[in-house]
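[1] After the sequence you'll find the predicted model.
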Amino acid sequence: DTAVSQTPKYLVTQMGNDKSIKCEQNLGHDTMYWYKQDSKKFLKIMFSYNNKELIINETVPNRFSPKSPDKAHLNLHINSLELGDSAVYFCASSQLTGGAKNIQYFGAGTRLSVL
Amino acid sequence: GNSVTQMEGPVTLSEEAFLTINCTYTATGYPSLFWYVQYPGEGLQLLLKATKADDKGSNKGFEATYRKETTSFHLEKGSVQVSDSAVYFCALSGGQAGTALIFGKGTTLSVSS
């Protein structure tokens, strides 16, 4: 069983479209994250949810909206896609309480290409 | 703010060579430090971690020691293999960084036989 799974793995779409990326974790963790990896492989946090509550919301265009229906899922919806949104998006999860020391487990990534 | 600086790549080595990838950090509070590895076309995997000063993390022959006096967490391996070819990321979390991981820019390692 994959611990953190994202769908789709690849997403090719036109500028102006709206798309969603889904993420699910079966590790029982209480916190989930979205990171963006640009073409130079630089990784940066976008959002984080703890027990379905938004705790990190970095400087990200409001075209990006995360949604966490429950602790095991964190989806990312993107409106009016732009060329600059092309990147690899990674979902991650961790357990903040206990001795886990916030070790984050990552999904395989979603490569978004906006044409 | 908090930040991580790691050596620029690419690093190109022959099999069985010694590897060092330098990583230094700036942080307030007491962050945890991590090395993650990204193999081609895959997600990030935790390679090793250290949560307090003088801790040594180790895994798969890789080691790194949390040095608070030099704010460093250098990655080392005594004898690299072709299968170690990947991108390596140093990261920190905690302290004022909060729960998000702050990553260095990544170092690409290429090992040839």
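    That came through fine. Numbering: from 1, shown residues only, chains lettered A, B, ... in the order given.

[2] Assumed residue A:92 was part of a helix.
    No - the assignment for residue A:92 (DSSP: H, G, I helix; E, B strand; the rest coil) gives strand, which keeps it out of a helix.

[3] for it, what are its contacts?
    A:4, A:32-35, A:104-107, B:44, B:101 (C-beta atoms under 8 Å, 6 or more residues apart in numbering or on different chains). Just so you know, the C-beta spots here come from the backbone N, C-alpha and C atoms, and that holds for glycine as well.

[4] what about the helix or strand that contains residue B:87, near chain A?
    Secondary structure from DSSP states H and E places residue B:87 in strand B:86-93. Yes - Strand B:86-93 is in contact with chain A by C-beta under 8 Å from any C-beta of the partner chain, via B:87, B:89, B:93.

[5] interface residues of chain A facing chain B?
    Taking C-beta under 8 Å from any C-beta as the criterion, chain A approaches chain B at residues A:4, A:31, A:33, A:35, A:40-45, A:48, A:50, A:55-56, A:58, A:90, A:92, A:94, A:96, A:101-109.

[6] Which of those fall in strands?
    Of the residues of chain A next to chain B, the ones assigned to strands by DSSP state E are A:4, A:31, A:33, A:35, A:43-45, A:48, A:50, A:55-56, A:90, A:92, A:94, A:105-106.

[7] Stretch B:50-63 and chain A in contact?
    Yes - residues of stretch B:50-63 are located near chain A by C-beta under 8 Å from any C-beta, namely residue B:51.

[8] in that stretch, what counts as buried?
    By neighbour count on 16 or more other C-beta atoms under 10 Å in any protein chain shown, the buried set for stretch B:50-63 is B:50-51, B:55, B:57, B:62-63.
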